[in-house]
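Chemist: please find the sequence and the predicted model below.
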Amino acid sequence: MRNSPAVWTDVLVLAVPAFAAASALGPLDPRLTEALSAIPYSPISVVALGYDKVTLGNSLDGFGFLIPRGEKRKILGALWDSSVFPNRAPEGKALIRAMVGGVRNPALAALPTDEIVGLTRAELTATMGITAAPTLSRVFFHEKGIPQYLVGHGKVLDRIDARLAAYPGLYLNSNAYRGISLNDCVLQSRLTAERIARELYVSRR
């Protein structure tokens, strides 16, 4: 930001994707940036479809589903948002979010809106028996959506940790490192907070 004042702090946590951390830390440590840039990402589109509940023919009593690669479907899975989270849909409505693309079918994530909505509807018909037309549809495309833990990911983390050791008070925390799911992110955030508290205490004794 232009003319932004400097901020002095004992601790900095970069809770951003690996590629964003690489960009931010480039002037500080090119070798750290190189290690962070070694974590690839795959594209994904999130397709949100809203329905009148009475038209679904399905109670949506659950979390949703993920589809194994062997099933060869064109969506990765679907979350029944309005069943999992309160206030995600008005009374009498239902919201389903489907994931398209990822490392399995990266090209599908970049399809035009009409095509990806049509594809998703066809997949929900095949997997859930939903034939009703949605009352709402939205598509959210993320070019770098899901970090990929390739063979050798552990060695990449070792390189990152070795560079970070030179910068006490600098921490990285996102789903690019030690767990992709929301649960993993919550756990890693707690562990990072505990580590910060422990190391600050030791440094100030």
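Modeler: Nice, thanks for sending it over. Note that the structure is a prediction, hence the values are computed from the model and not measured.

Chemist: from the chain's centre, how far out does the helix or strand bottoming out on mean pLDDT in the chain sit?
Modeler: Lowest mean confidence among the helices and strands of the chain (mean pLDDT, DSSP states H and E): helix 182-204, at a mean of 89. Remark: helix 182-204 is offset 21 Å from the chain centroid, using CA atoms, centre = their mean, to the nearest Å.

Chemist: could you check that helix and say which residues are buried?
Modeler: By 16 or more other CB atoms under 10 Å, the buried positions in helix 182-204 come out as 185, 188, 192, 196. Bear in mind the C-beta positions are built from the backbone N, C-alpha and C, glycine included.

Chemist: now do the helices in this structure.
Modeler: 18-25, 30-37, 81-84, 106-109, 113-128, 153-164, 182-204 (DSSP state H).

Chemist: just for the protein, where's the confidence low?
Modeler: Per-residue confidence for the chain (pLDDT under 70) gives these ranges: 1-4, 203-205.

Chemist: domain map for it?
Modeler: Per automatic domain parsing, the structural domains of the chain span 12-40+149-204, 41-147.

Chemist: for residue 125, see how far away the nearest residue in space to residue 55 that is not next to it in sequence is.
Modeler: Of all residues not flanking residue 55 in the chain, residue 132 sits nearest, at 3.6 Å (CB to CB, 6 or more residues apart in numbering). In this structure, residue 132 and residue 125 are 10 Å apart, going by CB to CB, to the nearest Å.

Chemist: so for those two, which sits in the more crowded spot?
Modeler: With neighbours defined as other CB atoms under 10 Å, residue 132 and residue 125 compare such that residue 132 has more, 17 against 12.

Chemist: the more buried one and residue 53 touch, don't they?
Modeler: No: with contact defined as CB atoms under 8 Å, residue 132 does not reach residue 53; the gap is 9.9 Å.

Chemist: skipping adjacent residues, who's closest to residue 19 in space?
Modeler: Per CB to CB, 6+ apart, closest to residue 19 is residue 144, 6.1 Å.
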